[in-house]
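Undergrad: Quick one, fold the following:
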Amino acid sequence: MELQTILVYLVVFMAVAYLVLKFVFPKTLSFLGGKKGGNACGDDDCKCH
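TA: Numbering: from 1, shown residues only. Predicted coordinates for the structure are as follows:
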């Protein structure tokens, strides 16, 4: 195979993997990204957002 074909397959695979993580396993993706869920204000619910 040519290098360009391998790179195209690699990019397509990474895009599909990202979409699967984003829509099928959203908590896994937020864990890998370092986000702490939806609590932007902390433990208390300040209703600021």
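
Undergrad: gap between residue 14 and residue 22?
TA: 12 Å (C-beta to C-beta, to the nearest Å). C-betas here are computed from N, CA, C, even on glycine.

Undergrad: Enumerate the positions of the helix ranked longest in the chain that are buried.
TA: Secondary structure of the chain read by DSSP state H shows that its longest helix is helix 3-23. Using 16 or more other C-beta atoms under 10 Å as the test for burial, helix 3-23 gives residue 21.

Undergrad: what bits of the protein have low per-residue confidence?
TA: Low-confidence segments of the chain (pLDDT under 70): 29-49.

Undergrad: again, only using 90
TA: Along the chain, segments meeting pLDDT under 90 span 1, 21-49.

Undergrad: so what does the longest helix of the chain touch, helix or strand wise?
TA: Helices and strands touching helix 3-23, by 3 or more C-beta pairs under 8 Å, 6 or more residues apart in numbering; DSSP states H and E, are helix 26-33.

Undergrad: Please report how far residue 17 lies from residue 2.
TA: 23 Å.

Undergrad: for residue 19, that is, sorry about that
TA: Counting by C-beta to C-beta - residue 19 and residue 2 are separated by 26 Å.

Undergrad: do the same with residue 26
TA: 36 Å.

Undergrad: For those two, indicate the residue with more neighbours.
TA: Per other C-beta atoms under 10 Å, whichever of residue 26 and residue 2 has more neighbours is residue 26, with 10 against 7.

Undergrad: For residue 3, see how far away that one is.
TA: Here residue 26 is placed at a distance of 34 Å from residue 3 (C-beta to C-beta).

Undergrad: Residue 19 too?
TA: According to C-beta to C-beta, residue 19 and residue 3 sit 25 Å apart.

Undergrad: next one: residue 20
TA: 26 Å.
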